[in-house]
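Participant: 3D model of this:
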Amino acid sequence: MNLWRKTRPPSVPRPVQAPPPAVVYRPTSSTPPPLPTAEPTRAWIHSVLFVLTLLSMMAAGAMQQGVDPLVSLRTLVHLVEGIPFAATLLTILTVHEFGHYFAARSWGVKASLPYFLPLPYVSFLGTLGAVIKIRSAIPHNRALLDIGAAGPLAGFFVAVGACIFGLSRSQIVTGDYFYSPPIELGAPLLFSAIAHVILPSIGPQQQVLLDPIAFAGWVGLFITAFNLFPIGQLDGGHITYALFTRWHRRIARLTFALLIAMGLYGLATIVWLPSWPSGWPGWLALAFFLTLFGKDHPAPYDSYTKLDRKRRWVGYLCLIVFFLCFSPVPFSANY
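Facilitator: Below you'll find the predicted structure:
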């Protein structure tokens with residue numbers, strides 16, 4: 001008689017089923033991401049900031065002419081002397097920011113109207129510039145380059161026109177009118193070239209008294225170069241990311257190191273090495289700003305879409321504009 005004992009079969013590990021393959025959605029230029037609803041724009045805030053910036057820049061322009069219109073109510077009439085400078089520089093800023101705005105809207109990206117930043121007395125320009133706020137995702141590199149390049153290129157062409165017109169109105173003075181100004185302006189390559197064409201040769205005892213419109217044009221070139229630094233969320237950071245996606249971090253870190261080096265050299269020439277060629281410590285302020293808000297550029301929704309040839313040439317044009325407008329020592333003080 002055979003006895004069969006029912007035994008429990010040895011435990012066999014249950015086969016582990018492989019998870020289903022992940023489906024990665026890779027958007028293309030024809031399928032932009034869904035855009036969230038933007039918060040309502042409060043137009044009155046932009047209008048008030050615009051008016052305050054205009055008044056602040058008019059005051060700065062009047063002070064450049066040797067008049068302080070904010071001493072009393074009776075001196076407010078002298079604000080009109082700052083209109084040429086204020087109107088020109090405000091036009092450059094407005095065209096710059098609306099270049100970004102309309103480029104963003106053309107790609108369906110939500111963007112705010114420009115926020116103008118008044119700064120009376122503290123800045124001899126009367127402003128800290130202007131910004132817009134991107135309120136939704138940028139779909140891909142093509143949109144990123146268009147939005148980043150539209151502002152500086154639009155403002156650049158207006159600034160060049162202001163330089164040409166303003167330099168034609170500037171004066172060359174000699175003799176008793178010759179003096180050493182408290183602040184000397186650096187001469188970008190483009191500004192020097194325009195001055196060389198428009199102005200006659202300048203002798204050793206002569207200097208150019210810039211017309212307010214020419215000075216506003218010079219500031220416009222400075223703003224263009226400032227925004228085109230290839231780092232962070234500056235316009236140049238957008239363009240560099242779109243052009244050199246794989247290398248943008250290295251380019252940003254190299255740019256940051258150069259800013260620190262230029263700023264420290266400028267500080268050294270003021271404190272320890274006054275006999276050396278002057279520098280500008282203001283680059284340290286830009287480096288500090290980038291430290292607060294980030295040196296790296298965030299990726300767009302789709303960072304795989306490649307740029308077409310036309311947009312690549314636009315990006316290279318922006319790099320050329322940067323070198324034409326850049327001055328390593330934009331301001332230097334005469335002690």
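
Participant: hey, where'd the helices end up in the stretch 201-335 of the chain?
Facilitator: Listed in chain order, the helices of the stretch 201-335 of the chain (DSSP state H, counting those that start in this stretch) span 212-227, 235-243, 248-271, 282-293, 309-325.

Participant: Tell me which of those helices lies nearest to D302.
Facilitator: Among those, the nearest to D302 by C-beta to C-beta is helix 235-243 (11.7 Å). From N, CA and C alone the C-beta is placed, and that goes for glycine too.

Participant: residues in contact with that closest one?
Facilitator: Residues outside helix 235-243 that contact it (C-beta atoms under 8 Å, 6 or more residues apart in numbering) are 100, 141-142, 144-145, 147-149, 151-152, 227-231, 248, 251-252, 297, 299-300, 307, 311-312, 315-316, 318-319, 322.

Participant: Could you export it as PDB, CA atoms only?
Facilitator: C-alpha atoms of helix 235-243 as PDB (Å, rounded to 0.1, in the frame of the first residue of the first chain):
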ATOM      1  CA  ASP A 235      18.700  87.700 -23.700                       C
ATOM      2  CA  GLY A 236      22.200  86.400 -24.600                       C
ATOM      3  CA  GLY A 237      21.500  83.400 -22.300                       C
ATOM      4  CA  HIS A 238      18.400  82.600 -24.300                       C
ATOM      5  CA  ILE A 239      20.300  82.900 -27.600                       C
ATOM      6  CA  THR A 240      23.300  80.900 -26.400                       C
ATOM      7  CA  TYR A 241      21.000  78.000 -25.100                       C
ATOM      8  CA  ALA A 242      19.200  77.900 -28.400                       C
ATOM      9  CA  LEU A 243      22.400  77.900 -30.400                       C
END
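
Participant: buried stuff in it?
Facilitator: For helix 235-243, the buried set under the neighbour-count rule, 16 or more other C-beta atoms under 10 Å, comprises 235-243.

Participant: And stretch 207-224, by the same measure?
Facilitator: Result for stretch 207-224 [16+ other C-beta under 10 Å]: buried residues 207, 210-224.

Participant: ok, back up a step: mean pLDDT lowest where, among the helices of the stretch 201-335 of the chain?
Facilitator: Of all the helices of the stretch 201-335 of the chain, the minimum mean pLDDT falls on helix 282-293 (a mean of 88).

Participant: Output stretch 265-281 as PDB, nothing but the C-alphas.
Facilitator: This file holds the C-alpha atoms of stretch 265-281, laid out as PDB (Å, rounded to 0.1, in the frame of the first residue of the first chain):
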ATOM      1  CA  TYR A 265      40.500  94.300 -11.900                       C
ATOM      2  CA  GLY A 266      38.300  97.400 -12.000                       C
ATOM      3  CA  LEU A 267      38.200  97.500  -8.200                       C
ATOM      4  CA  ALA A 268      41.900  97.000  -8.000                       C
ATOM      5  CA  THR A 269      42.600 100.000 -10.300                       C
ATOM      6  CA  ILE A 270      40.500 102.200  -8.000                       C
ATOM      7  CA  VAL A 271      41.900 101.000  -4.600                       C
ATOM      8  CA  TRP A 272      45.400  99.600  -5.100                       C
ATOM      9  CA  LEU A 273      46.600 100.300  -8.700                       C
ATOM     10  CA  PRO A 274      45.500 103.800  -9.700                       C
ATOM     11  CA  SER A 275      48.300 104.100 -12.200                       C
ATOM     12  CA  TRP A 276      47.200 101.100 -14.200                       C
ATOM     13  CA  PRO A 277      44.700 101.400 -17.100                       C
ATOM     14  CA  SER A 278      41.300 101.900 -15.500                       C
ATOM     15  CA  GLY A 279      38.600  99.100 -15.200                       C
ATOM     16  CA  TRP A 280      35.000  99.100 -14.200                       C
ATOM     17  CA  PRO A 281      34.000  97.300 -10.900                       C
END
